[in-house]
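Visitor: Pasted the sequence and its predicted model underneath.
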Amino acid sequence: MLFRVNWRVKVPSLYWTLMSFSTSHGAWKWADRLRIRRTTVDDYEGVVSVRSDINRGCDYIPGTYRQLLKHNTGYAGFIDHELVSFMFAAEIDNGCSVVIQSGRIKEEYEGRGIISAMKKHSFHDLSRTATRSVSVTSSPFACDILLQRNARLLCKMERLIFATSRHALKNTQRSPKVDQSSTIPADDAFLKNIFLSSEITSTIFPENRLVIRGTPYELVTSNIERILCLSDQILVSKDYGTGSANLISFGSTWRSNHTDVVFINLFGESVDDKIIFEHVHRHVAGKTSSCEDKIIMYIVCTKQQHEETVKRVLKKHSWELLVVHDLYAIEESYSWMN
């Protein structure tokens, strides 16, 4: 059954955002008891035990915590020696921004100001040059509250979640291949050329942001190394006539709770069924031989046309659409962190 998420529905992956806004009486006494420190690989068990019901049971932290720790700083919150909350933070955008993501808190500690205190701590602990923090939420309620607090909406996206089985995917991969000559892997040199071309970025990234796996990046070359490290594959398709890029996709995979998860971000002008299927097909390729029986795929796109094309194409290839919801990339100024 397909449904569109409403903020009134409890969505565990949004708890960390919503809990930042609690002003209930006595909430801050819990923040006063809170002790925060950076995490290491030895904190793995404690971190993954904070929540088990995130992202429809397909949380990426259990399968990627150690990898993400190489490119982010982890922060854990403790009350009376109990690990009750966690988040990642990292400097991006030439040191001008701190991205805060992967936040989670034990259910019994929600609404007590803990996540808000951790956001402030991580911001000041991590950077001496940043003037803003950036994050992504799927809650319109959280977005509205942040905007009332003088935050800025950077862009809005759609996230579609699909499911299929290994057997169905094998049949899909036997489908006729499209011409791959116009779809090639992208490397750091290609991304640098894209970022430095205002003509290309105005069509591929009209909001002047590249949002991948919960991180809204500015189009500056210092972000490229991090983007490459956190993407398993980047593909680009070019227009036959002009040779200009018209679709770029960033893909990553992880395994969680006996489920293989594929995450794809789509950017660009092309809404051609064959081209979009080629990108999806190549990001998923190989999953038929090593994956668990169940496969979940997240596709994030910035254009309504992409959403409709993706729905139409994947329906033909045995992918079941589970849910669609909005994502909001938000920027908060340094003043709120004081």
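Guide: Done, it's in. Owing to the predicted nature of the structure, the values given are computational and were not obtained by experimental measurement. Residues are numbered from 1 along each chain as shown.

Visitor: now the strands: where do they sit in the stretch 1-150 of the chain?
Guide: Under the criterion DSSP state E, counting those that start in this stretch, the stretch 1-150 of the chain contains strands at 3-4, 35-38, 73-79, 82-92, 97-105, 132-137.

Visitor: nearest to K238, of those?
Guide: Proximity to K238 (CB to CB) singles out strand 82-92 among the strands of the stretch 1-150 of the chain, at 27.8 Å. All C-beta atoms are positioned from the backbone trio N, CA, C, and that covers glycine.

Visitor: rank the strands of the stretch 1-150 of the chain by pLDDT, which is bottom?
Guide: Comparing mean pLDDT over those, the weakest stretch is strand 3-4, at a mean of 41.

Visitor: And the residue most central in space within the chain, its phi and psi?
Guide: Closest to where the C-alpha atoms of the chain average out (CA atoms, centre = their mean) is R213, at 2.2 Å. The phi and psi values for R213, taken as degrees, to the nearest 10, are phi 50, psi 50.

Visitor: quick revisit: could you dump the strands of the stretch 1-150 of the chain to CSV with mean neighbour count?
Guide: Output for the strands of the stretch 1-150 of the chain, formatted as CSV (neighbours: other CB atoms under 10 Å):
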stretch, mean neighbour count
strand 3-4, 10
strand 35-38, 14
strand 73-79, 20
strand 82-92, 21
strand 97-105, 24
strand 132-137, 24
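
Visitor: could those strands be laid out in a markdown table, adding distance to I115?
Guide: Shown next, in a markdown table, are these (distance: least, CB to CB, whole Å):
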| stretch | distance to I115 |
| --- | --- |
| strand 3-4 | 25 |
| strand 35-38 | 11 |
| strand 73-79 | 8 |
| strand 82-92 | 6 |
| strand 97-105 | 6 |
| strand 132-137 | 11 |
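
Visitor: For L230, find the nearest of those.
Guide: Of all the strands of the stretch 1-150 of the chain, strand 82-92 sits nearest to L230, with 10.0 Å by CB to CB.

Visitor: Counting by contacts, list what that closest one packs against.
Guide: On a contact count with 3 or more CB pairs under 8 Å, 6 or more residues apart in numbering; DSSP states H and E, strand 82-92 meets helix 44-48, strand 73-79, strand 97-105, helix 114-126, strand 215-218.

Visitor: give me that answer again for 7 Å
Guide: Helices and strands touching strand 82-92, by 3 or more CB pairs under 7 Å, 6 or more residues apart in numbering; DSSP states H and E, are strand 73-79, strand 97-105, helix 114-126.

Visitor: and the angle for it with helix 114-126?
Guide: With axes from the mean of the first three to the mean of the last three CA atoms, to 10 degrees defining the directions, strand 82-92 sits at 50 degrees from helix 114-126.

Visitor: where are the low-confidence patches of the stretch 101-250 of the chain?
Guide: For the stretch 101-250 of the chain, the stretches flagged by pLDDT under 70 are 171-181, 240-243.

Visitor: which residues in it form helices?
Guide: Along the stretch 101-250 of the chain, the stretches classed as helices by DSSP state H, counting those that start in this stretch are 114-126, 140-148, 166-173, 188-195, 198-204, 224-229.

Visitor: now those helices as TSV including mean neighbour count and distance to Y60?
Guide: As requested, the helices of the stretch 101-250 of the chain are arranged in TSV below (neighbours: other CB atoms under 10 Å; distance: least, CB to CB, whole Å):
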stretch	mean neighbour count	distance to Y60
helix 114-126	21	19
helix 140-148	16	20
helix 166-173	16	20
helix 188-195	16	23
helix 198-204	14	25
helix 224-229	16	15
